[in-house]
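Asks: give me the fold of what follows.
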Amino acid sequence: MARPDFPRTLADFQRRFGSEQACRQYLADSRWPDGYICAHCGHRRAYLIKSRTIYECTDCGWQTSLTAGTLMHKTRIPLSQWFWATRLLTTLTPGISALQLQRQLGLGSYKAAWALCHKLRAGMVRTGRDKLSGTVEVDEAYVGGPEHGKPGRGAAGKTAVVGAVEDRGTSAGRVRLQVIPDCSADSLTAFVEANVEHGSVVKTDGWEGYGPLNPKHYRHQPKIQGGGENAARWLPHVHRVFSNLKTWLKGTHHGVDPKHLQAYLNEFVFRYNRRRTPMAAFQTVLGIGSHVKAPTYKELMYPVVRE
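Replies: Numbering: from 1, shown residues only. I've put the predicted structure just below:
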């Protein structure tokens, strides 16, 4: 049996998830679409311990909750607010800032709204996801920092980001974005190896950092364009992605702290890759969330920087 359907309109969403019980039922139907199955012994009957909202297997006594192993595990925030936050974050075209989420949901503090957004972003990354393939444009850009910052690869006060986009002719396919410590060959080739299938065509500009790409793994097509319109014509899709990214960061979020930038890149990638199926993104976040441990507020505030 497939997972339960998802309401497509705001009115349907309000009717469908108007209570905590309705949200719990949706989680139960999503977790056990063919009816309860004990993860420990496979038995198909359980009873609900209402005081703790826990299901206990009638055969082996194994206990579990609807939110166990999800981003919502042990949450103090009502499930209905999690559902609303997920809908707003995944289906609104420009996304939503923590400040706007606080206002829309009536949360008690900006801190709570900010943490909720970042917990959901943690559920937007799936380990072992398929790599990009075919013809792939790869380029890097500098994000953030002062508007008057030095242009080019030596931009001061900005954060280096490398991106890859599948070139499907007149349209773009999937995208990947990653914060990198610098635009050296080590950083750029490591990104390509981690995100692009071997055998793919990799289109880049003439930057020497892409020179060491292994010719046994990729058909590298570098081209010196001199920047500006010429570069955009050679790498149109990745240039458009970076333009949209910068507009989104500045317009919706009014800039972000560099130490949190990767989380925002993850959201942008998630939403971009599902831009034609925004409603399905809601279910995907909850589904991915069932395999992701929710980060603590301390972990959100002081993320580990991998260089």
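Asks: list the helices and strands the helix or strand of the chain with the lowest mean pLDDT packs on?
Replies: Every helix and strand of the chain was ranked by mean pLDDT, DSSP states H and E. The lowest is helix 278-289, at a mean of 70. With contacts defined as 3 or more Cβ pairs under 8 Å, 6 or more residues apart in numbering; DSSP states H and E, helix 278-289 has these neighbours: helix 20-31, helix 79-91, helix 261-273. Every C-beta, even on glycine, is put in place using the N, C-alpha and C of the backbone.
Asks: how about 6 Å then?
Replies: Under the contact definition 3 or more Cβ pairs under 6 Å, 6 or more residues apart in numbering; DSSP states H and E, helix 278-289 sits against helix 79-91.
Asks: how about the CA coordinates for the next helix or strand after the helix it packs on, as CSV?
Replies: Helices and strands here follow DSSP states H and E; after helix 79-91, the next one along the chain is helix 98-105. As requested, the backbone C-alpha atoms of helix 98-105 are provided in CSV (Å, rounded to 0.1, in the frame of the first residue of the first chain):
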residue,chain,number,x,y,z
ALA,A,98,12.6,32.1,10.4
LEU,A,99,11.1,35.5,11.3
GLN,A,100,8.1,34.9,8.9
LEU,A,101,7.7,31.4,10.2
GLN,A,102,7.5,32.7,13.7
ARG,A,103,4.8,35.2,12.7
GLN,A,104,2.8,32.7,10.7
LEU,A,105,2.8,29.9,13.4
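Asks: list the buried residues in helix 98-105.
Replies: The neighbour-count check on helix 98-105 (16 or more other Cβ atoms under 10 Å) flags A98, Q100, L101, Q102, L105 as buried.
Asks: convert the C-alpha atoms of the least confident helix or strand of the chain to CSV, please.
Replies: Output in CSV follows, covering the C-alpha atoms of helix 278-289 (Å, rounded to 0.1, in the frame of the first residue of the first chain):
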residue,chain,number,x,y,z
PRO,A,278,6.5,20.9,-4.6
MET,A,279,3.7,19.0,-2.9
ALA,A,280,5.7,15.8,-2.9
ALA,A,281,8.5,17.6,-1.1
PHE,A,282,6.4,17.7,2.1
GLN,A,283,6.2,13.9,2.2
THR,A,284,9.9,13.6,1.2
VAL,A,285,11.0,15.7,4.2
LEU,A,286,9.1,13.6,6.6
GLY,A,287,10.3,10.4,4.9
ILE,A,288,13.9,11.5,4.9
GLY,A,289,13.4,12.7,8.5
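Asks: quick one: distance of it to the chain centre.
Replies: 10 Å (Cα atoms, centre = their mean, to the nearest Å).
Asks: angle of it against helix 261-273?
Replies: Taking axes from the mean of the first three to the mean of the last three Cα atoms, to 10 degrees, one finds that helix 278-289 is oriented at 130 degrees with respect to helix 261-273.
Asks: need the contact partners of helix 278-289.
Replies: Judged by Cβ atoms under 6 Å, 6 or more residues apart in numbering, the contacts made with helix 278-289 from elsewhere in the structure are F6, R8, T70, L71, T86, R87, T90, T91, G123, R126, R274.
Asks: at 8 Å what do you get?
Replies: 3, 6, 8, 27, 30, 70-72, 86-87, 89-91, 93, 120, 123-126, 270-271, 274 (Cβ atoms under 8 Å, 6 or more residues apart in numbering).
Asks: Y47: which element?
Replies: Assigned by DSSP H and E, Y47 belongs to strand 46-49.
Asks: helix or strand right after that strand?
Replies: strand 54-57.
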